[in-house]
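Colleague: model this:
(chains A and B)
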Amino acid sequence: MPPASQDNYESDLGAADGQVASFEDRHHTPLQRLQHFLHGNPAMVPVIILLLSVIVFGFVAGGRFFSLFNLSLIMQQVAIVGILACAQTLIILTAGIDLSVAAIMVLSYVIMGHMSVTYGWPTGLAVVAGLLVAMGCGAVNGLLVTRIKLPPFIVTLGTWRIFLAIVYLYTGSQSIRSQDIDAAAPLLKFFGERVSIGGAVFTYGVFLMLGIFALFWYILNRTAWGRHVYAVGDDREAADLAGIRTGRVLLSVYIVAGLICGIAAWAAIGRVGSVSPSSFFEANLNSITAVVIGGTSLFGGRGAILGSLFGALIVGVFSSGLKLAGADPQWELFAIGCLIILAVALDQWIRRVSV
Amino acid sequence: MTRTKMLLAGTALALAGAATPAMAQDIGACLITKTDINPFFVKMKEGATAKAEEMGINLSSFAGKVDGDHESQVAAIETCIASGAKGILITASDTKAIVDPLKQARDAGLLVIALDTPLEPIDAADATFATDNFEAGRLIGAWAAATLGDAAADAKIAMLDLAESQPSVGVLRDQGFLTGFGIDVKDVSKWGDEDDPRIIGNEVTAGNEEGGRTAMENLLSKDPDINVVYTINEPAAAGAYETLKAFGKENDVLIVSVDGGCPGVQNVADGVIGATSQQYPLLMASKGIEAIAAWAADGTKPEPSPGLEFFNTGVSLVTDQPVDGVESISVEEGMDRCWG
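Modeller: Prediction:
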């Protein structure tokens, strides 16, 4: 051995293991890898379920289901619940829940309808009045949650009934007929207008839904307000300590959710054709269903708003597919029930991921 | 029991002697409806309230929160017995389960009258004032078949029903329609078991516009050549019409319905609905109040219509395209008698 190398103490290092320290890689099986991937990309779960269900129903129900026309029809059918699910997502991200979304919407479109058809206001003004009422309803919810510090579930369980009672008392449960709206305020049905692209037929309401989701995806991910919403939902105390005025953020979330319900109201008149106080009776629960299937955690702070869009579409695909496959309507209830439980079970499994 | 009867007799005597309305206010009556959000029940309540005021009867009203809310109706019956009322008018949500609580009321000396919806068994009530819903369905079925003529043999029919749970009113109208149209209904106590190829499918609507719209879309996706649409009520019919308009088919399809509410009859006039069977909720309610007054006065109970187990408050087919062999009234007459 030459003496020169005696001083070169590090010469053998090249042969040694280059890694100083590392975490043990425990993602051995493909299942664990999938779990890890889904943990990082929660919105991918509903996308995968959506694609799978479209393919399965394409086989089961055949060409009638898989036509461009039917697929676009499903989007028309989920548009209203989809928009409500957007509002619902904002609330659920703050670890709240809003049982009153559909009631706010119905109250709002009843105002729009009666102001324009019964009292002859210009349609634009009537719509603004409806939107303001919807924001007011959201503000009532928000103030009760932030100032009186009542749990959101209780607050909206109450306001749900109160808003609906106002609707029934005010309208005597009578619808405003489609023909009367056509004569007095056709603009109320703007979002029911259709455009045909290839074989697909979309209402403006569908574009409205997509637009709202795109907007709130941007707001939640790219603005300070959006990040504050997540922070408040994840850990309100920590958010408080970080200097976020959590009360204000919460109140603003409820008002914005109310506004979205008001926009849904305008679209709902176009969808249904008439102003119907008794419609959308279960839309509040349907919106929660969409959010839950979409992978947003009911504990707040976790979830992606686009997941709710996919969640709403999954429900639409299931009900359309089952009907076209000839299943009785009872089985649709059954299937949606299973989906909800599956979605939450999946969410729990993903949360248990070993990082 | 005998003590109650003596008390009742005493009250009746006292009332017979006291003709002043102020004294008559001592007669209490209860109206229990399925919900107070359906215009049909709103009108029924108005009819009962007006008649009660006229006859000087003290009326309390109760309602379930939604159609099918059985618990609220049971609580209402208990409250009503406790209040010492003389009779109950009820449109039962659960026609079988309500029988026991109502028996308690009858045992306590109250007159129990079923409105609109017969109980199961029907004699669980002292009397029933109702629309013959099967007949209401049969009329529109017969009208649709006669209007189509020979084409009825290869009609394509969409059935827009009420709810998955198949409440009796929805079953009676559905099966009545099919019978009137000339289709074998198999088991008459449920819908959906028919195998006639003319039926494209059954969908549920919850009896509102939004449900009617979606249900019609789904059935048209199944078969775009549907040309007859049965609907459980007029709001569902209005929703179905919106879908037909969107599909450009509103002129090729016959829509029939049941109810006879004012917006519905107006829709017949506008050509949205071809024909509708009109029922008379105000009449049911006012007859019911009269019966309770008679019971309180001298213990007489109302008699059912000849040949039926209930007092038929009548149903009329409203259309401006009458056909041979099916009796109908004009839209003008329908407007005069419409409710809501």
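Colleague: can you tell me how far the nearest residue to A:Tyr254 once chain neighbours are set aside sits from A:Gly136?
Modeller: Spatial nearest neighbour of A:Tyr254, chain neighbours left out: A:Gly142 (3.0 Å); criterion: Cβ to Cβ, 6 or more residues apart in numbering or on different chains. Yep, even glycine has a C-beta here, placed from its N, CA and C like the rest. Remark: distance between A:Gly142 and A:Gly136 (Cβ to Cβ, to the nearest Å) = 10 Å.
Colleague: around chain A, pick out the residues from chain B.
Modeller: Near chain A, the residues belonging to chain B are B:36-39, B:42, B:66, B:164, B:192, B:201-204, B:206-211, B:213-214, B:217-218, B:221-222, B:235, B:238-239, B:241-242, B:245-246, B:263, B:266-267, B:270, B:272, B:340 when assessed by Cβ under 8 Å from any Cβ of the partner chain.
Colleague: neighbour count winner among A:Gly142 and A:Gly136?
Modeller: A:Gly142 (26 against 16; other Cβ atoms under 10 Å in any protein chain shown).
Colleague: that one reaches A:Val256, doesn't it?
Modeller: No: if you go by Cβ atoms under 8 Å, A:Gly142 and A:Val256 don't touch, sitting 9.4 Å apart.
Colleague: tell me the pLDDT at the closest residue to B:Trp295 other than its chain neighbours?
Modeller: Of all residues not flanking B:Trp295 in the chain, B:Leu111 sits nearest, at 4.1 Å (Cβ to Cβ, 6+ apart). At B:Leu111, the predicted lDDT confidence score is 95.
Colleague: and B:Thr11, by the same measure?
Modeller: Note on B:Thr11: pLDDT of 48.
Colleague: tell me which residue in the stretch 51-200 of chain B sits closest to chain A.
Modeller: With Cβ to the nearest Cβ as the measure, B:Glu164 is the residue of the stretch 51-200 of chain B nearest to chain A, at 4.9 Å.
Colleague: and B:Asn58, how many neighbours does it have?
Modeller: B:Asn58 has 16 neighbours, counted by other Cβ under 10 Å.
Colleague: got the contact list for it?
Modeller: Contacts for B:Asn58 (Cβ atoms under 8 Å, 6 or more residues apart in numbering or on different chains) come out as B:Gln25, B:Asp26, B:Ile27, B:Gly28, B:Ala29, B:Ala52.
Colleague: tell me the phi and psi of A:Arg227?
Modeller: phi -70, psi -30 (degrees, to the nearest 10).
Colleague: residues contacting it?
Modeller: With Cβ under 8 Å, 6+ apart, A:Arg227 has these contacts: A:Leu220.
Colleague: again, but for B:Leu178
Modeller: Contacts of B:Leu178 by Cβ under 8 Å, 6+ apart are B:Gly137, B:Gly141, B:Val185, B:Glu194, B:Asp196, B:Ile199.
Colleague: just B:Leu254 next, same as before
Modeller: Listed by Cβ under 8 Å, 6+ apart, the contact partners of B:Leu254 are B:Ala144, B:Thr147, B:Leu148, B:Asn227, B:Val228, B:Val229, B:Gly274.
Colleague: right, and out of those, which lies closest to A:Val110?
Modeller: Using Cβ to Cβ, the shortest approach to A:Val110 within those belongs to B:Val229, at 27.0 Å.
Colleague: check the secondary structure at the closest one for me.
Modeller: Under DSSP: H, G, I helix; E, B strand; the rest coil, B:Val229 falls in the strand class.
Colleague: cool, A:Phe202 as well?
Modeller: strand.
Colleague: how close does it get to A:Phe57?
Modeller: A:Phe202 sits 20 Å away from A:Phe57, going by Cβ to Cβ.
Colleague: again with A:Trp225
Modeller: Here the criterion is Cβ to Cβ. By it, A:Trp225 lies 39 Å from A:Phe57.
Colleague: quick check, B:Ala238 in contact with B:Gly212.
Modeller: Yes: contact criterion Cβ under 8 Å: B:Ala238 and B:Gly212 qualify, at 6.6 Å.
Colleague: so those two - more neighbours on which side?
Modeller: More crowded of B:Ala238 and B:Gly212, by other Cβ under 10 Å: B:Gly212, with 35 against 29.
Colleague: near chain B, which residues of the stretch 51-200 of chain A are found?
Modeller: By Cβ under 8 Å from any Cβ, the part of the stretch 51-200 of chain A that sits against chain B consists of A:64, A:69-70, A:73, A:76-77, A:164, A:168, A:172-175, A:177-179, A:192, A:194.
Colleague: okay, and which of these map to strands?
Modeller: The members of these that map onto strands under DSSP state E are A:Arg194.
Colleague: now the residues of the stretch 51-200 of chain A next to chain B: which count as buried?
Modeller: For these, a burial check counting by 16 or more other Cβ atoms under 10 Å in any protein chain shown picks out A:70, A:73, A:76-77, A:164, A:168, A:173-175, A:177-179, A:192.
Colleague: can you give me the strands for the chain?
Modeller: In the absence of a named chain, chain A is used. Counting by DSSP E, the strands of chain A are A:194-197, A:200-203.
Colleague: you answered for a different chain; I wanted chain B.
Modeller: Taking DSSP E as the test, the strands found in chain B are B:28-33, B:58-63, B:87-90, B:111-115, B:127-130, B:157-161, B:199-204, B:228-231, B:254-259, B:275-278, B:311-312, B:316-318.
Colleague: can you redo these as CSV with distance to A:Cys338?
Modeller: Output for those, formatted as CSV (distance: least, Cβ to Cβ, whole Å):
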stretch, distance to A:Cys338
strand B:28-33, 35
strand B:58-63, 34
strand B:87-90, 37
strand B:111-115, 38
strand B:127-130, 39
strand B:157-161, 24
strand B:199-204, 19
strand B:228-231, 30
strand B:254-259, 35
strand B:275-278, 39
strand B:311-312, 45
strand B:316-318, 44
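Colleague: what's the distance between the residue lying closest to B:Trp339 once chain neighbours are set aside and B:Cys262?
Modeller: Using Cβ to Cβ, 6+ apart and skipping residues adjacent in sequence, the residue nearest B:Trp339 is B:Lys43, 4.2 Å away. B:Lys43 sits 10 Å away from B:Cys262, going by Cβ to Cβ.
Colleague: and if you look at B:Pro281?
Modeller: Using Cβ to Cβ, B:Pro281 is found at 12 Å from B:Cys262.
Colleague: quick check: B:Glu303 touching B:Phe310?
Modeller: No: the criterion here is Cβ under 8 Å, and B:Glu303 misses it with B:Phe310 at 10.5 Å.
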